[in-house]
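# Predicted model follows, preceded by the sequence.
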Amino acid sequence: MNALVGEKLSIITSRAQTTRHRIQGILNGPDFQIVFSDTPGILDPSYKLQENMLKAARSALVDADVLIYMTEIGETPEPEDPLLKKIARFKIPVLLVINKIDLGDQQGVEQVISRWEEILPKAEKIPVSALENFNVDLVMSRILHYLPESPPYYPDDALTDKSERFMAGEMIREKILMQYRQEVPYAVEVEIESFLEEEKLIRISAVIYVERESQKGIMIGSGGKALKILGREARLDMQKFFQKKIFLQIRVKVQKDWRNNERQIRKFGYH
Ligand SMILES: Nc1nc2c(ncn2[C@@H]2O[C@H](COP(=O)(O)OP(=O)(O)OP(=O)(O)O)[C@@H](O)[C@H]2O)c(=O)[nH]1
Ligand SMILES: [Mg+2]
């Protein structure tokens, strides 16, 4: 979605389950408006948080005109996968986008495509590299081909449905996923307590919630070193995104087992 919209709206890391919400990216052209929904990946939920992530992914399908199913070159489809069986019966056009072809060769790409031909014969298969911007324009032209004529949903200067607070929180979460090991990033939620824009700078105050006291210690690090690095990394990204100087304050709090607490999950904005 970032490659198509041309803005970094969704955070990106090498860790699984980076995206937790449905994030809309809006692209306005001279005679079109495309509303993309980037969603969490489809997974078997083992936490209440993951149940909500799955709901976010499903919700994107409710009013979609085109489904873009993202897979990648190293991923071989499982013919018995219930999700794929369901997609095969979809009425809306399906673009099967096979990403990361920069990691493979021509023969590998052809092999993957023929596997997909058997499982989703009707879907249009497009090999791409989001990283190297290869075939992204082809995806775009196929989307435009399939989109029905309709009045725009958003004003023509809109970029996303998400608030600046949400974006700021995600930038912190991205850096947490990159900086901390194992389970710690998954036990984290970020809340932006205040976001005050002044003429020359934005003052942001954030709270990082973890599930246990021990994780709080890890987040802060000895002498506060880890948190300081995190704050600097997040602040540099925010300055780039908001094009303003950022003053960022971060605190860490424990919210016991929040990932399994429906009320708490709702409070954090998962619906
Ligand atoms: N080599 C290569 N890597 C890519 C390409 N596109 C994305 N990546 C990498 O793949 C990893 C995952 O990217 P994400 O955008 O977080 O993937 P996602 O599918 O949204 O994953 P979740 O949000 O975790 O469900 C990151 O390390 C990206 O840099 C590509 O075209 N080529
Ligand atoms: Mg993602």
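Here it is on my side, so go on. Numbers count the residues shown, from 1 in each chain. Ligands and ions are numbered 1, 2, ... in the order given.
# Now do the contacts for the single nearest residue of the stretch 51-200 of the chain relative to ligand 2.
Here the residue of the stretch 51-200 of the chain nearest ligand 2 is Met70; by CB to the ion that distance is 9.0 Å. Backbone N, C-alpha and C define where each C-beta goes, glycine included. The contact partners of Met70, taken as CB atoms under 8 Å, 6 or more residues apart in numbering, are Val97, Asn99.
# Please, which helix or strand holds it?
Taking DSSP states H and E as the definition, Met70 sits inside strand 67-72.
# Extract the C-alpha set from that strand and format it as PDB.
Written as PDB, here are the backbone C-alpha positions of strand 67-72 (Å, rounded to 0.1, in the frame of the first residue of the first chain):
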ATOM      1  CA  LEU A  67      -9.300  -7.800  -3.400                       C
ATOM      2  CA  ILE A  68      -5.500  -7.600  -3.500                       C
ATOM      3  CA  TYR A  69      -4.200 -10.800  -2.000                       C
ATOM      4  CA  MET A  70      -0.500 -10.300  -1.000                       C
ATOM      5  CA  THR A  71       1.800 -13.300  -1.000                       C
ATOM      6  CA  GLU A  72       5.500 -13.600  -1.600                       C
END
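# What score does Ile176 have for pLDDT?
pLDDT for Ile176: 98.
# now whichever strand or helix holds it, how far from the centre of its chain.
Take DSSP H and E as the rule and Ile176 turns out to sit in helix 164-179. Mean-position distance between helix 164-179 and its chain equals 11 Å (CA atoms, centre = their mean, to the nearest Å).
# just stretch 239-259 next, same as before
Distance, centroid of stretch 239-259 to centroid of chain: 18 Å (CA atoms, centre = their mean).
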